[in-house]
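*Asks:* Provided below are the primary sequence and the corresponding predicted coordinates.
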Amino acid sequence: MKEIVTIQIGSCGVNLGYKFWEDVCDEHGITPVGTWCGEHQLQLSKINCLFNSGPISNFIPRSILIDTDISSLDACRSTPFGRIFRPDNFIYAEGTDSGAGNNWARGYYTLGPHLLDPAMDLIRREVEACDYLTGFQVVHSIGGGTGGAMSSLILDKLRNEYPKGVVVNYTVTPSAKISDTVVEPYNAVLSFPSLVRNSDLTICLDNEALYDICHKQLRLSQPTYDDLNLLMAKVMSGMSATYRFPARNHLSWSVMRCLAPSPKLHFFVPGFVPLYSRSVQPYVTLTAKELTAQMLSGNVLMASGVGKSPGKYLSAVAMFRGCNVSDLNVNELLCRYETKNSSQFAEWMPYHFMKGIVVTPPRGLRMSATFLANHTASAGIWSRVHERFNKIFKRKAFLHWYTGEGMDEMEFKEASEELMAVVKEYKACESSPPPGWKSPEDNPVFKKVLEEEKMVRTIDIITIEPKYTLLKVFRRSVQCVQILGFDCMGC
Ligand SMILES: Nc1nc2c(ncn2[C@@H]2O[C@H](COP(=O)(O)OP(=O)(O)O)[C@@H](O)[C@H]2O)c(=O)[nH]1
Ligand SMILES: [Mg+2]
């Protein structure tokens, strides 16, 4: 069994993670007390990747919830699924009312170190109980004082103790229009160095883009955090689906790691489709074509300013779910898009799309797709945070909050330089590969990915003569029929 350990940090991490657990419990037929009330054995076949088995045939999320103040944890405990979590997996700082109070220095230097040892003890306990650890998913925002600071402390430890474990971060970045406090850019920039060094896939989301999707696509007049968190939870569910259900084309996280052209350039922007308002849904017939069109429209990306920005795709993951999605069809759709829009793709990168297909669709849908784009415009998310950082840092505004907790001004400068170096590297990638980039044919991990046909090869369908195309299509469809017949049993 390949197991994932989830770590939810800070208020946003706890809330968003909760929504994810609610969603996967629904998909696997798990009740709020951890018992199974599902309809099909498929719901149980790979459930241990996220859940531990309890003593009374119950399932317990393999998750650790950490906050510097207890309020978000109490709120989580009082929700319908609150009791499903193991009570001693909740960690908080005792004796403080306001926790880190949006101050990264308090989270990193004052309160964080007291929570780090107990948190790591719990993580070790969870990892030791795993048969074969896949890695960690860390859920947090970086605008506050806990999510970014505590994750920086924990990510350093994870990298040292579990160098082979893949670390996936679901990171809510600050947005200019929707901001809780003026110091969010400080907190985000200070969190950046650890993300660059210790995360393998950082999936960046922001509330502004999520509000936009809720307003424009889902036609919700007053979206709440719950609505935004549900959208992000759908991305998390899509990303873990390949571990949770039988996959026709399994995409492991360690394989997805190959899509970063250099270890630093691992900032992905996600999307989830289908996205239709309740009133429109009954009028839409979902097909892989429809999903692909919506996925690549730029309107569903969950970080503002990326969907319609100039720039180029370096690589992308398209993870489809549904038993009538065929490998052949997906290949062709993605190839067609790429050929028609070749100027949107970095020329030096020979393969852009990695695809995965999981037979079981999400609840209530016949099919869906989760999309992760490593786009050069991802750098825009960080350069905008940096601009806002500079505005306050130039005036040394609010700096005393941080230096008062023992921080040095140099740390701000170093973090800001590190961030700008990555932004520049992304920009340069529009025309040429980053230093140290290995062509897929020379990269042993990537070579294996190519052999397993997980990359969409434009050459398969586009550049060869029509008669050969037909031959290839025929061979593939025979394969697909065989696989379909096998995989669809009971779905
Ligand atoms: N989408 C979403 N964003 C949140 C949620 N809670 C807080 N945020 C955002 O996260 C940032 C503050 O982080 P928060 O998690 O409250 O601080 P922390 O507890 O100190 O890490 C702000 O930009 C908030 O708008 C949530 O439940 N959902
Ligand atoms: Mg908080």
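*Replies:* Perfect, I can see it now. Predicted model only: the values in this text are computed from it and were never measured. Ligands and ions are numbered 1, 2, ... in the order given.

*Asks:* Can you report how many residues neighbour whichever residue of the stretch 101-250 of the chain sits closest to ligand 1?
*Replies:* Nearest to ligand 1, among the residues of the stretch 101-250 of the chain, is Gly144, at 2.0 Å (CB to the nearest ligand atom). In this view, the C-beta of every residue, glycine as well, is placed from N, C-alpha and C. Gly144 has 32 neighbouring residues, counting by other CB atoms under 10 Å.

*Asks:* tell me the pLDDT at it?
*Replies:* Reported pLDDT at Gly144 in the predicted model: 95.

*Asks:* quick one, phi/psi of it?
*Replies:* Per-residue torsions, Gly144: phi -90, psi -160 (degrees, to the nearest 10).

*Asks:* got it, and Asn169?
*Replies:* Per degrees, to the nearest 10, the backbone of Asn169 is at phi -110, psi 130.

*Asks:* likewise Thr6?
*Replies:* phi -100, psi 140.

*Asks:* So Pro32, which state does it fall into?
*Replies:* Here Pro32 is recorded as coil under DSSP: H, G, I helix; E, B strand; the rest coil.

*Asks:* pretty sure it contacts Phe85?
*Replies:* No. With contact defined as CB atoms under 8 Å, Pro32 does not count as touching Phe85 (10.6 Å).

*Asks:* Look at these two and report which has more neighbours.
*Replies:* Comparing Pro32 with Phe85 by other CB under 10 Å, the one with more neighbours is Phe85, at 22 against 13.

*Asks:* Quickly list what the closest residue to that one other than its chain neighbours is bridged to.
*Replies:* Spatial nearest neighbour of Phe85, excluding adjacent residues (CB to CB, 6 or more residues apart in numbering): Pro61 at 5.8 Å. Counting by DSSP bridges, Pro61 is bridged to Phe51.

*Asks:* so how far is ligand 1 from Pro61?
*Replies:* 18 Å (CB to the nearest ligand atom, to the nearest Å).

*Asks:* my guess is that residue contacts Cys49, does it?
*Replies:* No. At 11.4 Å, Pro61 does not count as touching Cys49 under the criterion of CB under 8 Å.

*Asks:* ok, which residues in the stretch 151-300 of the chain are in contact with ligand 1?
*Replies:* 172, 174, 180, 184, 207, 225, 228-229 (CB under 6 Å from any ligand atom).

*Asks:* can we see that at 5 Å?
*Replies:* The stretch 151-300 of the chain comes close to ligand 1 at residues 180, 225, 228, as judged by CB under 5 Å from any ligand atom.

*Asks:* Who are the contact partners of the residue nearest to Phe85?
*Replies:* Pro61 makes contact with 6, 21, 50-52, 84-86, according to CB atoms under 8 Å, 6 or more residues apart in numbering.

*Asks:* where's the residue nearest the centre of the chain, which helix or strand?
*Replies:* The residue lying closest to the centre of the chain (CA atoms, centre = their mean) is Ile203, at 4.0 Å. Ile203 belongs to strand 201-206 when assigned by DSSP states H and E.

*Asks:* Leu231 versus the residue nearest to Phe85, what's the distance?
*Replies:* Noted for Pro61: a distance of 20 Å to Leu231, by CB to CB, to the nearest Å.

*Asks:* check contacts around the nearest residue to Gly380 once chain neighbours are set aside.
*Replies:* Excluding the flanking residues, the one nearest Gly380 by CB to CB, 6+ apart is Gly305, at 5.2 Å. Going by CB under 8 Å, 6+ apart, Gly305 touches 209, 377, 380-381, 384.

*Asks:* Tell me which entries of those lie within helices.
*Replies:* Counting by DSSP state H, the part of those found in helices is 209, 380-381, 384.
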